Structure formats: C-alpha cells, structure tokens
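> Prediction below, plus the sequence it came from.
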Amino acid sequence: MSAAATSDFARQAAATWHDRLQRGGVSEETRQAFRRWLAQSPEHERAYAAIDRAWLVLQAGAHEPEILALRHEAALRLSREASRSLRPLRFATAVALVLALGGITTWLVTHSLAERSILAWVLEPFNAETERIYTTTVGERLVVTLADGSQVTLDTQSQLRVAWSKRERNVKLVRGQALFEVAKDRTRPFVVEARNQRLVAVGTAFDVRVEDRQMKVTMIEGTVRVEPMTATLDRRTTSASAARMLTAGEQLVVDAQSEDYIHPTDPDRATSWLRGQIIFDDARLADAVEELNRYSETQIVLADPTLADLRLSGAFVTGRPNVFVEAVTSYFAVAVASRDSESIVLKAR
C-alpha cells in the first residue's frame with residue numbers, strides 16, 4: 001500500500017474514532033479499542049491529532065454565520081446525494097463532508113473499481129485572499145469542499161485554481177472537467193473562468209469541460225450568466241452586452257473554429273462521469289476511444305483508419321479499457337492486433 005493510501009486510510013479511521021468518542025455514553029471497551037488503534041502507529045496519532053485540531057477550530061466558531069451557512073449547505077448536499085443514490089449505479093460512491101450539530105467533522109470515501117476517488121477537505125480562512133491549485137491525474141477524481149460550502153468535483157486529468165477574495169469567489173478551470181455545486185451567497189458571486197469566459201453563479205450546479213478547441217458548459221440546476229472575456233494590453237475585461245444566460249437542461253459550446261451555440265442536453269448523461277460511466281449515442285468509434293483513453297494509462301489504438309467511423313451506442317465504465325475492447329470486438333468486425341500494459345491495438349477483422 002502506498003504512503004498516500006495509508007495516510008488517507010488513517011485519516012478516515014481517525015475521523016470515525018473521533019466522531020464515535022464525541023457522541024457520549026462510550027463504553028470502556030470502545031475506549032480500550034481506540035487506545036489500541038492509536039498505539040498501532042505514530043501515523044494514527046498524527047491523524048487523530050489533526051482531526052481533533054480541526055474539531056476545536058469548528059467548535060470555537062460553531063455559531064459564526066459562515067459556519068452555520070456551511071452546515072446548511074452540507075445538509076442540502078447530503079439530501080441531494082441521498083435522493084441520487086436511489087438510482088441504479090454501476091459502482092458505490094459516497095463522499096460527504098458533514099458539519100454535525102455537535103460540531104464534529106466526519107468524512108467517508110469509497111471508490112469504484114474503475115477509478116480512484118479522492119476527497120480533499122479544505123478549511124480555508126473565510127473572506128481571506130487565498131489561492132490554491134487542485135490537480136487530478138489519469139483516472140483520478142477529486143472532490144473539494146471550499147470554504148463557503150461550495151463543492152467542486154474534478155474529473156480525470158483536470159486542474160483548478162482557486163483565488164478567493166472578499167469581493168467574489170473566483171476559480172479557474174485550467175484544463176479538464178469539473179462539476180460545480182455552488183453555495184448561495186448573493187453578496188459575493190461565484191465566478192468560474194474557463195477559455196476566456198466568465199461563468200457567474202449565485203447558487204446553482206453546472207458542469208464545465210475544457211478541451212483543446214472547445215469549452216462546454218452544461219447546466220444541472222439554476223441559471224448561470226456567461227460573460228465573454230477580452231484581453232487588453234494591461235488587463236482582461238468582460239462584455240456585459242454580450243452576456244448570455246444558461247438555464248437547467250441547456251449546454252453552451254464555445255468552439256475556437258466555429259460560432260458558439262446553445263442546445264438542449266441531458267444533464268444526467270453529461271455528468272455520467274460522476275458515476276464512473278461514459279454514455280455514447282451513435283458516436284464515432286474514434287471519438288469514443290479518445291474519450292475512454294482519458295481515464296486509463298492503457299491506451300486503445302485504432303491501427304486501421306477504416307475503424308474510425310464505426311458508430312456505437314451504450315454506457316461504458318471508465319478506467320476499464322479491456323471491457324470496452326471486449327464489447328467492440330464482439331459486435332464489430334474488429335480484432336485485437338496486440339496488447340500490453342501500455343496499449344491495446346485494434347485492427348479490422
């Protein structure tokens with residue numbers, strides 16, 4: 001087990017123990033079990049001390065407006081996730097940041113077979129000028145709870161810069177894809193910068209994807225104002241007259257080689273990556289392969305150009321190229337030319 005994985009496991013266990021011990025009425029048997037766990041490793045002691053320090057910070061400011069707002073947003077988020085869990089899923093995923101009434105913070109992480117999921121718990125100074133960078137590698141998914149209670153989920157190979165200020169909540173999606181679930185704060189807008197566009201929200205949920213030539217914004221809930229940004233010699237400005245409003249069920253496509261356009265879309269399909277799936281509807285095989293390759297170190301290669309325009313539909317698990325290849329070779333005249341840990345080469349059969 002890697003050092004990072006061990007550390008994550010220790011933090012999970014420490015949070016669970018802290019929560020259990022703070023509930024009251026703890027038996028001596030439980031306390032002895034906790035002491036045995038604590039004595040097993042210095043890492044356990046460090047993890048528990050970090051959880052306890054965070055708990056004391058939250059206790060000290062438990063009745064501050066910002067903390068109360070964060071609790072409210074956490075409760076709303078958990079209600080939303082509970083309703084989503086009723087849908088059939090291909091893998092189990094549960095990520096929660098809970099500020100309970102007693103003040104204890106607990107978090108649980110489970111991961112799919114296809115992907116590694118990471119929970120980043122961020123306790124930033126409220127209303128302070130801060131800048132942080134969050135990055136995911138191939139196959140990783142990162143869930144970040146920001147200081148205002150907003151939640152950002154980063155997909156594979158993504159990078160997000162957070163630049164907090166008293167005037168606005170500003171983040172920049174440098175590359176990749178992210179789902180933003182924005183906490184309500186009408187006095188300080190939440191602004192996402194991506195591909196020379198400013199996406200201004202108050203309290204809503206939307207998905208943003210930055211590709212080589214395109215940016216896509218998919219609305220899940222609420223509305224977002226999209227403002228084009230113009231670079232000048234000394235600064236970047238926005239054009240209010242060119243602003244567009246997006247509502248739930250709409251997708252904006254900003255293309256470097258064509259006119260921008262807005263069209264209806266299925267939010268569940270656009271965010272299927274959150275469930276470890278990619279859904280294709282009459283997609284070119286070349287495009288499907290390119291999309292799936294984002295999630296795996298093992299790359300699928302089309303050795304025969306005639307395969308590129310084959311059309312396929314279906315839902316496929318991310319991070320499992322072998323399963324996709326098995327489906328393709330079963331339904332099409334396609335065979336595996338070669339296979340190793342780095343690539344699976346396909347040819348016409």
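Looks like it came in fine.
> how many neighbours does residue 257 have?
Using other C-beta atoms under 10 Å, residue 257 has 6 neighbouring residues. The way it works is simple: take the backbone N, C-alpha and C, and place the C-beta from them, glycine included.
> pLDDT at the closest residue to it other than its chain neighbours, what is it?
Counting by C-beta to C-beta, 6 or more residues apart in numbering, residue 257 lies nearest to residue 213, which is 6.1 Å off, once chain neighbours are set aside. pLDDT recorded at residue 213 is 85.
> Contact partners for residue 213?
Neighbouring residues of residue 213 by C-beta atoms under 8 Å, 6 or more residues apart in numbering: 255-257.
> Mind listing what's buried along stretch 131-151?
Residues of stretch 131-151 classed as buried by neighbour count (16 or more other C-beta atoms under 10 Å): 134, 136, 139-151.
> Check stretch 326-342 too.
Of all the residues in stretch 326-342, those buried under the rule 16+ other C-beta under 10 Å are 328, 332, 334, 336-337.
> Touching it from outside, list them.
For stretch 326-342, contacts defined as C-beta under 8 Å, 6+ apart pick out 285, 297-299, 303, 307, 310, 312, 314, 316, 325, 344-349.
> ok, longest strand in the protein?
If you go by DSSP state E, the chain has its longest strand at strand 169-181.
> Spatially central residue in this structure, please.
Taking C-alpha atoms, centre = their mean, the centroid of the chain lies closest to residue 153, which sits 1.6 Å from it.
> returning to that earlier point: neighbouring strands for the helix or strand following the longest strand of the chain, and are they parallel or not?
Using DSSP states H and E, the helix or strand that follows strand 169-181 towards the C-terminus is strand 190-194. Within its sheet, strand 190-194 is paired with strand 169-181 (parallel), strand 197-201 (antiparallel), according to DSSP bridges.
> Which helix or strand contains residue 227?
Following DSSP H and E, one finds residue 227 within strand 223-231.
> how far does that strand sit from the chain's center?
Averaging C-alpha positions (C-alpha atoms, centre = their mean, to the nearest Å) puts strand 223-231 22 Å from its chain's average.
> Pairing partners for that strand, with directions?
Counting by DSSP bridges, strand 223-231 is paired with strand 197-201 (antiparallel), strand 236-238 (antiparallel), strand 244-247 (antiparallel).
> Go ahead and confirm residue 55 touches residue 19.
No: judged on C-beta atoms under 8 Å, residue 55 makes no contact with residue 19 at a distance of 9.4 Å.
> okay, and for the protein, where does confidence drop off?
Within the chain, the segments meeting pLDDT under 70 span 1-8, 23-25, 56-130, 230-241.
> Can you give the domain ranges for it?
Under the assignment automatic domain parsing, the domains of the chain span 61-267, 276-348.
> Figure out which of the ones you listed is closest to residue 46.
domain 61-267 (15.5 Å; C-beta to C-beta).
> Surely residue 43 forms part of a helix?
Yes: using DSSP: H, G, I helix; E, B strand; the rest coil, the assignment for residue 43 is a helix.
> Identify the bridge partners of residue 218.
Here residue 218, judged by DSSP bridges, has bridge partners residue 207, residue 251.
> Which residues are in contact with the closest residue to residue 222 other than its chain neighbours?
Spatial nearest neighbour of residue 222, chain neighbours left out: residue 204 (2.9 Å); criterion: C-beta to C-beta, 6+ apart. Neighbour list for residue 204: 182, 219-224 [criterion: C-beta under 8 Å, 6+ apart].
> can you put the residues you listed in TSV and add distance to residue 48 and neighbour count?
Formatted as TSV, the contacts of residue 204 follow (distance: C-beta to C-beta, whole Å; neighbours: other C-beta atoms under 10 Å):
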residue	distance to residue 48	neighbour count
182	33	26
219	42	24
220	37	17
221	38	15
222	39	16
223	44	16
224	41	26
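> Including distance to residue 172, could those residues go into TSV?
Shown next, in TSV, are the contacts of residue 204 (distance: C-beta to C-beta, whole Å):
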residue	distance to residue 172
182	15
219	19
220	20
221	22
222	21
223	21
224	16
